[in-house]
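K.L.:
below: sequence and its predicted model.
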Amino acid sequence: MRVVARFGELYLSVALTARRCYTLGMPTTYPRYTVTDTGSIAQALDAAHTLWPDVPRGTALLTKLATSGAEALTRDVQARIAAVDALTAFGDAYYPNYLEQLRQDWPK
């Protein structure tokens, strides 16, 4: 099914399939997302624009926000892995049954 809309001299042609909607003539086959600048998205873009005032609000700011968020998540995961590795590094510091032997000398 093809939908054609006319806006003055501009024609927009969109091919609708059962699985996806593709705008004809676009230079990519990657999925595209529609995001409305309201609610929590608007708040996130406002915060991002405060941090990066030189980045124009819109696609560029949304892309920077998404990539920065992904980088922050990656750093967080790496920090958690490093913390667990640091804690488990002491696992071999004591011989088996060390605590049980230590507690034998404690009064009951």
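P.N.:
Noted; the coordinates are in hand. Numbering: from 1, shown residues only.
K.L.:
and the residue sitting nearest the centre point of the chain, how far from Ala89?
P.N.:
Residue closest to the average C-alpha location in the chain (CA atoms, centre = their mean): Ala70, at 4.0 Å. Counting by CB to CB, to the nearest Å, the separation of Ala70 from Ala89 is 29 Å. All C-beta spots, glycine's among them, are computed from the backbone N, C-alpha and C.
K.L.:
for this protein, which segments count as helices?
P.N.:
Taking DSSP state H as the test, the helices found in the chain are 39-51, 59-88, 98-103.
K.L.:
and these: which comes nearest Thr28?
P.N.:
Of all those, helix 59-88 sits nearest to Thr28, with 13.3 Å by CB to CB.
K.L.:
quick one: list the elements packing against the closest one.
P.N.:
Applying 3 or more CB pairs under 8 Å, 6 or more residues apart in numbering; DSSP states H and E, one finds that helix 59-88 contacts helix 39-51.
K.L.:
just want the angle from the helix it packs on to helix 59-88.
P.N.:
90 degrees (axes from the mean of the first three to the mean of the last three CA atoms, to 10 degrees).
K.L.:
which residues does helix 39-51 contact?
P.N.:
For helix 39-51, contacts defined as CB atoms under 8 Å, 6 or more residues apart in numbering pick out Val35, Asp37, Val55, Arg57, Leu61, Leu62, Lys64, Leu65, Ser68.
K.L.:
separation between Pro96 and Asp105?
P.N.:
In terms of CB to CB, Pro96 sits 18 Å off from Asp105.
K.L.:
what of Gln78?
P.N.:
42 Å.
K.L.:
who has more neighbours, the two?
P.N.:
The residue with more neighbours, out of Gln78 and Asp105 and counting by other CB atoms under 10 Å, is Gln78; that gives 10 against 6.
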